[in-house]
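Engineer: sharing a sequence plus its predicted fold:
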Amino acid sequence: MIHNFVEDDNFTPDMEFGEFMRKKRRLMGLSQTDLGEMLGIDQHTVSKWERGISSPPFDNAKYIAFRLGGRIWIDGSQKEQ
């Protein structure tokens, strides 16, 4: 399970990665298509990740979190970006 961590009251360490991704994308004023283009993936994949239908591989999640200003946790262990 991939979780996130950011130094912000709007985000908690137990928030699912997809929810973190969706909130950060919206705060940045990006559409799913915009984010997909920024990350080199399609909008459909962004949508699936945000809804928790699937999750990106850890290395991709780490890169996404970095681009969105966060850090990744897996199984409660923080992984540095």
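Structural biologist: Ah, there it is.
Engineer: residue contacts, Asp42?
Structural biologist: Gly36 (C-beta atoms under 8 Å, 6 or more residues apart in numbering). C-beta coordinates here come from the backbone N, C-alpha and C atoms, glycine included.
Engineer: so where do the strands sit in this protein?
Structural biologist: For the chain, the strands defined by DSSP state E occupy 2-5, 71-74, 77-79.
Engineer: okay, now the unreliable bits of this structure?
Structural biologist: Residues of the chain meeting the criterion pLDDT under 70: 1-14, 71-81.
Engineer: rerun that using 50 as the cut-off
Structural biologist: 1-2, 76-81 (pLDDT under 50).
Engineer: how many residues are close by Gly52?
Structural biologist: 12 (other C-beta atoms under 10 Å).
Engineer: what is the neighbour count of the nearest residue in space to it that is not next to it in sequence?
Structural biologist: Nearest non-adjacent residue to Gly52, counting by C-beta to C-beta, 6 or more residues apart in numbering: Gly18, 4.6 Å away. Neighbourhood size, Gly18 [other C-beta under 10 Å]: 21.
Engineer: which residues touch Gly18?
Structural biologist: 49-52, 55.
Engineer: of all those, which comes closest to Tyr63?
Structural biologist: Tyr63 has its nearest neighbour among the contacts of Gly18 in Trp49, at 12.6 Å by C-beta to C-beta.
Engineer: surely that closest one meets Pro57?
Structural biologist: No - using C-beta atoms under 8 Å, Trp49 is not in contact with Pro57; the gap is 10.8 Å.
Engineer: and the two? Which one has more around it.
Structural biologist: Trp49 (25 against 9).
Engineer: mind listing what that one touches?
Structural biologist: Counted by C-beta under 8 Å, 6+ apart, Trp49 has contacts 17-18, 21, 55-56.
Engineer: what about it, distance to Phe20?
Structural biologist: Between Trp49 and Phe20 the distance is 10 Å, computed by C-beta to C-beta, to the nearest Å.
Engineer: now the residue nearest to Gly52: how far from Thr45?
Structural biologist: With C-beta to C-beta as the criterion, Gly18 and Thr45 are 11 Å apart.
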